[in-house]
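1. need coordinates for the below:
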Amino acid sequence: MDPIFGGALIIVAMLVVAALGVPVALSMAGVGFVGMCLLAGTPFALGTFMTLPYSIASQYAFVVVPMFVLMGAFAATSGLTGELYTAAHRLFSGIRGSLYYTTVLASAGFGAVSGSTVVAGAVFTKVALPEMIRFGYKRSLSAGCIAAAGTFAALIPPSISMVIYGILTGESIGALLMAGVVPGLLTVGAYMLGVKLFMRMRPDWAPTVEKRYSVGDIVSSFRGLWAVCLLLIIVLGGIYSGLMPPSAAGTAGALGALAICIGRRKLGRAEFADALSQTVSTTASLFLIIIGGLLFSRLLLHMGFIGAITDFVESAKLSPLVFIGFVVLIYLVLGCFVDTVTMMVMTIPFIYPSLEPLGLDPIWFAVLIVKLVEISAITPPVGLNLFAVIGAANGKVSSGEVYSGVTPFILIELVVLSVLVAFPQLSLWLPQLMIN
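-> Predicted coordinates:
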């Protein structure tokens, strides 16, 4: 059987099994096991299933995943979310649409201490949406703004998506995390400009100025943000300076967030247990999907599908821009039906080997992939951040309102993606300056 046709058949089979209600991780692992048994024999399949999961999960470098999740859980418990929102709100007081700006800036700040887009979307729905509704903001755009701004956590370090890319490709996790800084800030700036444009075009989407705060009130609200700055210095400073590898920086960040919670007396037994439970369940889910995906990709590799794809790219003499266009199209389509982690695990193993023949930088390409992951997280109908906002809203907004409200921000994301494609140095500048 032709490797490309056979690989496509296996991918379709996996998607059909998943569509029947089988968890995605088990779908990939199950199809991978059956395929290996048929193609290479049961001993090979059993040997792969006994060795690969342990070899992946036991690598010390990947302890950064639970540590980043734990740091985000402690940061949310410590009250940093409310402080970020209050400070941003006072900063933009006196400007039409101030709560839109506030949500964007506060989400960026929270993304710097939490690598989960879903957590960011759910948290800010509870914090920001009631205020936006109370002051008469457009419901659909408010919900869309919260969902879209929550995706900043995918690109701004500490980014779990970048860590997953590093696990799947073997690229330096430290370099990947630093590569997301400038593109993340660029995205935040694009959102701010977008909101300003919305307010000029449709001033009825926001009420007149609600309240103005004095300079003293604004300054006082920023005094409590020392904790965010401390965590940024610990994690990003440690990685950038070369003093700590990402795993140690994540551990130090989680310890710092724990100390902040204890110092503020906001961490009881229940909160501590909840943070640990959230970390364990999130990490386990992520690694199950990663292991299932790697087992599935091992089948594709064994049957020659990945090699055939690489050979096809070389023989077709595709230009890098055309190849990137195909990748963008694949992710935009898959993003409508598949969750972000599954999409990365399914596609990166056979896309990544094609980068070298085309002369594409894998660190820069990682930024493009994570940017596409951001977009897929807010792409109807299966965007995870859309579900997070709808669920946390408790009936305050409908799914239709969220879908329509997020559309302008998807357009902004596509513009930013085009800029990152056109100017790779925006992604590569900081990694190239890293010490060690």
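2. start and end of stretch 127-140, how far apart?
-> Length of stretch 127-140, first residue to last, Cα to Cα, to the nearest Å: 16 Å.
3. what separates it from the chain centre, distance-wise?
-> The chain centre lies 25 Å from the centre of stretch 127-140; the measure is Cα atoms, centre = their mean, to the nearest Å.
4. contacts made by that stretch with the rest, please.
-> 81-82, 85, 97, 99-100, 102-103, 106, 142-143, 146, 204-207, 210, 389, 392-393, 396-397, 401-402, 404-405 (Cβ atoms under 8 Å, 6 or more residues apart in numbering). No exception for glycine: its C-beta is placed from N, CA and C like everyone else's.
5. which among those residues end up buried?
-> Neighbour counting with 16 or more other Cβ atoms under 10 Å marks 81, 85, 97, 99-100, 102-103, 106, 142-143, 146, 205-207, 210, 389, 392-393, 396-397, 401-402, 404-405 as buried within the contacts of stretch 127-140.
6. point out where the stretch 51-200 of the chain drops to low pLDDT.
-> Within the stretch 51-200 of the chain, the set of residues satisfying pLDDT under 70 is empty.
7. show me the helices in it, by range?
-> With DSSP state H, counting those that start in this stretch as the criterion, the stretch 51-200 of the chain has helices at 64-77, 80-91, 98-111, 117-134, 139-149, 160-169, 173-179, 181-201.
8. just the element for the residue nearest to residue 61 when sequence neighbours are not counted, please.
-> Distances taken as Cβ to Cβ, 6 or more residues apart in numbering put residue 247 closest to residue 61, at 5.4 Å, once the chain neighbours are dropped. Counting by DSSP states H and E, the element that carries residue 247 is helix 246-263.
9. out of the helices of the stretch 51-200 of the chain, which is closest to residue 237?
-> Among the helices of the stretch 51-200 of the chain, the nearest to residue 237 by Cβ to Cβ is helix 173-179 (11.1 Å).
10. name the helices or strands packed onto the longest helix along the chain?
-> Identified as the longest helix of the chain according to DSSP state H is helix 269-302. Under the contact criterion of 3 or more Cβ pairs under 8 Å, 6 or more residues apart in numbering; DSSP states H and E, helix 269-302 touches helix 3-19, helix 24-40, helix 42-57, helix 64-77, helix 160-169, helix 305-316, helix 340-351.
11. show me where pLDDT drops low in the stretch 301-436 of the chain?
-> Across the stretch 301-436 of the chain, the ranges flagged by pLDDT under 70 are 435-436.
12. for it, which segments count as helices?
-> Using DSSP H, counting those that start in this stretch, helices in the stretch 301-436 of the chain cover 305-316, 320-334, 340-351, 355-358, 362-376, 384-393, 399-422, 425-433.
13. please identify which of the ones you listed is closest to residue 11.
-> Among the helices of the stretch 301-436 of the chain, helix 340-351 comes nearest to residue 11, with 7.6 Å by Cβ to Cβ.
14. helices or strands up against that closest one?
-> Using 3+ Cβ pairs under 8 Å, 6+ apart, the elements in contact with helix 340-351 are helix 24-40, helix 160-169, helix 269-302, helix 305-316, helix 320-334, helix 362-376.
15. where's the third one relative to the chain centroid, distance-wise?
-> Computed by Cα atoms, centre = their mean, the chain-centroid distance of helix 269-302 equals 15 Å.
16. how many neighbours does the nearest residue to residue 166 once chain neighbours are set aside have?
-> Nearest in space to residue 166, with sequence neighbours left out and distances taken as Cβ to Cβ, 6+ apart, is residue 173 at 4.0 Å. When neighbours are counted by other Cβ atoms under 10 Å, residue 173 registers 25.
17. what's residue 173 in contact with, if anything?
-> Applying Cβ under 8 Å, 6+ apart, we find residue 173 in contact with 61, 64, 162-163, 166, 246.
18. let's see it at 7 Å
-> By Cβ atoms under 7 Å, 6 or more residues apart in numbering, the contact set of residue 173 is 61, 64, 163, 166, 246.
19. mind checking how far it is from residue 239?
-> To residue 239, residue 173 is 9 Å away according to Cβ to Cβ, to the nearest Å.
20. likewise for residue 388?
-> Counting by Cβ to Cβ, the gap from residue 388 to residue 239 is 28 Å.
21. the helices of the stretch 51-200 of the chain into CSV, with extra columns for distance to residue 30?
-> Shown next, in CSV, are those (distance: least, Cβ to Cβ, whole Å):
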stretch, distance to residue 30
helix 64-77, 24
helix 80-91, 39
helix 98-111, 35
helix 117-134, 26
helix 139-149, 32
helix 160-169, 20
helix 173-179, 29
helix 181-201, 37
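22. deepest of the ones you listed, which one?
-> Counting by mean count of other Cβ atoms under 10 Å, helix 139-149 has the highest mean neighbour count of these, with a mean of 28.
23. next, the angle helix 362-376 makes with it.
-> 160 degrees (axes from the mean of the first three to the mean of the last three Cα atoms, to 10 degrees).
24. so how far is stretch 85-100 off the chain centroid?
-> The answer for stretch 85-100 is 25 Å, by Cα atoms, centre = their mean.
25. now swap in stretch 235-246 and tell me
-> Using Cα atoms, centre = their mean, the mean C-alpha position of stretch 235-246 is found 21 Å from that of the whole chain.
26. what's the mean pLDDT across it?
-> Per-residue pLDDT over stretch 235-246 has a mean of 86.
27. straight-line length of that stretch, end to end?
-> Start-to-end, stretch 235-246 (Cα to Cα) is 8 Å.
28. list the contacts for the residue positioned nearest the centre of the chain?
-> In the chain, the residue lying closest to the centroid (Cα atoms, centre = their mean) is residue 154, at 2.5 Å. Residues near residue 154 by Cβ under 7 Å, 6+ apart: 117, 161, 370, 373-374, 377.
29. can we see that at 10 Å?
-> 111, 115-117, 120, 160-162, 180, 184, 187, 340, 370-377, 385 (Cβ atoms under 10 Å, 6 or more residues apart in numbering).
30. how about residue 164?
-> Residue 164 neighbours (Cβ under 10 Å, 6+ apart): 62, 65, 173, 176, 286-287, 289-290, 293, 340-341, 344-345, 348, 369-370, 373.
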